[in-house]
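1. This is a predicted model, with the sequence first.
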Amino acid sequence: MVFPSQVTLVEVGPRDGLQNEAQPVASAIKIDLVHRLQAAGLREIEVTSFVSPKWVPQMADNAEVMAGIARRGGVRYSVLTPNLKGLEAALPCKPDEIVVFGAASEAFSQRNINCGIEESIERFRPVVALAHEHGIKVRGAVSCALGCPYQGEVSADEVERVVRLMKGIGVDHCGIADTIGVGTPRRAQAALERALKHYPLAEVSGHFHDTYGQALANIYACLELGVATFDASVAGLGGCPYAKGATGNVATEDVLFMLRGLGIETGIDLDALVDAAKFISDALGRKPVSRSANALLAKRAAA
């Protein structure tokens, strides 16, 4: 088996990880987390989202957080912008990349944003155009690509439909997301193969939740296809507010531990990443979800 020699991990903890926390997280904590992540070697960090604070109050300090980051050369800072208003608010903060998303499930799209898939993607056309005018890359995420909490199973054909729509409006990168964590390896491969029909290998990524303990297996299966970019969340933070029962994103530390075992380079320091996981978990008053972080922290304590 020939795997990629190098993998890029897109750290989504500061945004996707923290957005659903019920307790307020201070801006200084979020900024410190980003600093710890980039110090650990992360070069792709999803920092915040420019959405209505009415819907996502945790991200109301988006501009303050972006302004507070001491940026490092070679690090790409991305933000979620679900509409034109969000992008216009984000532009003064100079993000390197924006993220837009559309569901592969009609039922999820209707329940989430009260419109169908085609209309939801078409709404992003002016967002993509304006981002490109400012030289900003656009990353698209196809959510519920392996299953939907309302519809149930989602077919590869349904995934490819959204991939085509995103390609049609000029989205630069396509991420396939198992939002509720029901995917298994062969189904993960089938979904990403559809994205690879329309996007080059370097512009396709996977985003897996660990609800049923399948996230690492799904990433391994995608490595078999040559896919070399994956989203992950420090300490296993995050979930989906529209998907009942969904646990957090796969933990960055767990993915990194597996990749190290496969001899795949990431440029990330595992010990420093565990420190970041402990920092944010302590701030939230709980242990990391990550098995690797907990094992390594226990080993340190024993030593």
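-> Received it, and whenever you're ready, just let me know what you need.
2. Need the residues that contact the helix or strand bottoming out on mean pLDDT in the chain.
-> Between all helices and strands in the chain, the lowest mean by mean pLDDT, DSSP states H and E belongs to helix 106-113, at a mean of 88. When contacts are taken as CB atoms under 8 Å, 6 or more residues apart in numbering, the neighbours of helix 106-113 outside the stretch itself are 82, 102-103, 115-117, 120, 143-144, 148-151, 179, 242. (C-beta placed from N, C-alpha, C; glycine too.)
3. rerun that using 6 Å as the cut-off
-> A103, G116, I117, S120, C144, C148, Y150, Q151, Y242 (CB atoms under 6 Å, 6 or more residues apart in numbering).
4. Stretch 41-56 too?
-> Defining contact as CB under 6 Å, 6+ apart, one finds that stretch 41-56 is touched by 10-12, 14-15, 19, 34, 37, 59-60, 62, 65, 74-82, 86, 89-90, 267-269.
5. In helices only, show me those residues.
-> Those of the contacts of stretch 41-56 mapping onto helices are V34, L37, N62, V65, G86, A89, A90, per DSSP state H.
6. picking that back up, got a PyMOL select line for the buried ones in the contacts of stretch 41-56?
-> Selection of buried members from the contacts of stretch 41-56 for PyMOL, criterion 16 or more other CB atoms under 10 Å:
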select buried, resi 10+11+12+14+15+19+34+37+59+60+62+65+75+76+77+78+79+80+81+82+86+89+90+268
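7. Which of the contacts of stretch 41-56 fall within strands?
-> When DSSP state E defines the strands, the subset of the contacts of stretch 41-56 inside them is V10, E11, R76, Y77, S78, V79, L80.
8. Now do the same contact list for the first one.
-> Taking CB under 6 Å, 6+ apart as the criterion, V10 is in contact with E44, D231.
9. so how far is L296 from it?
-> Taking CB to CB, to the nearest Å as the measure, V10 and L296 are separated by 22 Å.
10. As TSV, the ones in strands among the contacts of stretch 41-56 with distance to F279 and pLDDT would be great.
-> Formatted as TSV, the entries for the ones in strands among the contacts of stretch 41-56 read as follows, by distance: CB to CB, whole Å; pLDDT from 0 to 100:
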residue	distance to F279	pLDDT
V10	20	98
E11	14	98
R76	22	98
Y77	19	98
S78	21	98
V79	22	98
L80	23	98
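11. buried set for the helix or strand harbouring R260?
-> Here R260, judged by DSSP states H and E, is contained in helix 252-261. Of the residues in helix 252-261, those with enough neighbours to count as buried (16+ other CB under 10 Å) are T252, E253, D254, V255, L256, F257, M258, L259.
12. what does the model give the last one for pLDDT?
-> At L259 the predicted local confidence, pLDDT, stands at 98.
13. which residues touch it?
-> With contact taken as CB under 6 Å, 6+ apart, L259 is in contact with V7, T266.
14. measure it to D16 for me?
-> The spacing between L259 and D16, counted by CB to CB, is 20 Å.
15. and stretch 35-55, average pLDDT?
-> Throughout stretch 35-55, pLDDT has a mean value of 96.
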